[in-house]
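> Quick one, structure for this:
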Amino acid sequence: MGFIFTLLSRIAFPAPPTPAGWLVCFFFLGMLIYALNGWRQHQPVWDKREWGIFIALLILIPLTSLFIGIRLSSASARPLPGLPADAPGSALMVFSAIPWMLAAGLLGPLATSALAGLAGLIHGAWNSYSFFSLLEFALIGA
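Got it, this is the predicted structure:
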């Protein structure tokens, strides 16, 4: 286990899903749409203040998702086939969830899901090498 300052030293490598992975992605996308449609009544009306908060949190997402983390290592871990040799998904970015968790209390489920999806996209490209992280984070955010 060791401190890492940024994920930008690694290459962004979003691997496409397998055919079974596409089925799971569409299933999770359907769950996300169903959940957000059901929680529409919990979405507050936005004015200038909420838009300002959303933009500020949107700017914070790349900063918190790419910088200051901990690399979790295991000497016995084997790399996945077709992916870079260092174990994917082994970095824990300490402040990654703070912007979208703040959005959950301040902006409602739609903004939270959008911000969490952006954090998942960044996590998927630079850490786990999977687009599945986008839907996973967005569903958690919702």
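> So for the stretch of helix or strand I4 belongs to, mean pLDDT?
Here I4, judged by DSSP states H and E, is contained in strand 2-6. On average, the pLDDT along strand 2-6 is 85.
> can you check stretch 20-27 too?
What stretch 20-27 shows for mean pLDDT is 91.
> got it, and stretch 47-55?
Averaged across stretch 47-55, the pLDDT comes to 95.
> residue contacts, E50?
E50 is in contact with P44, L106, L107, counting by C-beta atoms under 8 Å, 6 or more residues apart in numbering. C-beta: built from backbone N, CA, C; applies to glycine.
> pLDDT score for the residue nearest to the spatial centre of the chain?
For the chain, G120 is the residue whose C-alpha lies nearest the centre (C-alpha atoms, centre = their mean; 1.6 Å). As predicted, G120 sits at a pLDDT of 92.
> Please look at it and L139 and confirm they touch.
No. Using C-beta atoms under 8 Å, G120 is not in contact with L139; the gap is 9.1 Å.
> any chance you could map the helices in this protein?
Remark: helices assigned in the chain by DSSP state H are 19-38, 48-66, 98-106, 109-123, 132-141.
> Which one of the ones you listed lies nearest to L8?
For L8, the closest of the helices of the chain is helix 48-66, at 5.9 Å, according to C-beta to C-beta.
> Show me which residues of the closest one are buried.
By neighbour count on 16 or more other C-beta atoms under 10 Å, the buried set for helix 48-66 is E50, I53, F54, L57, L60, I61, T64, S65, L66.
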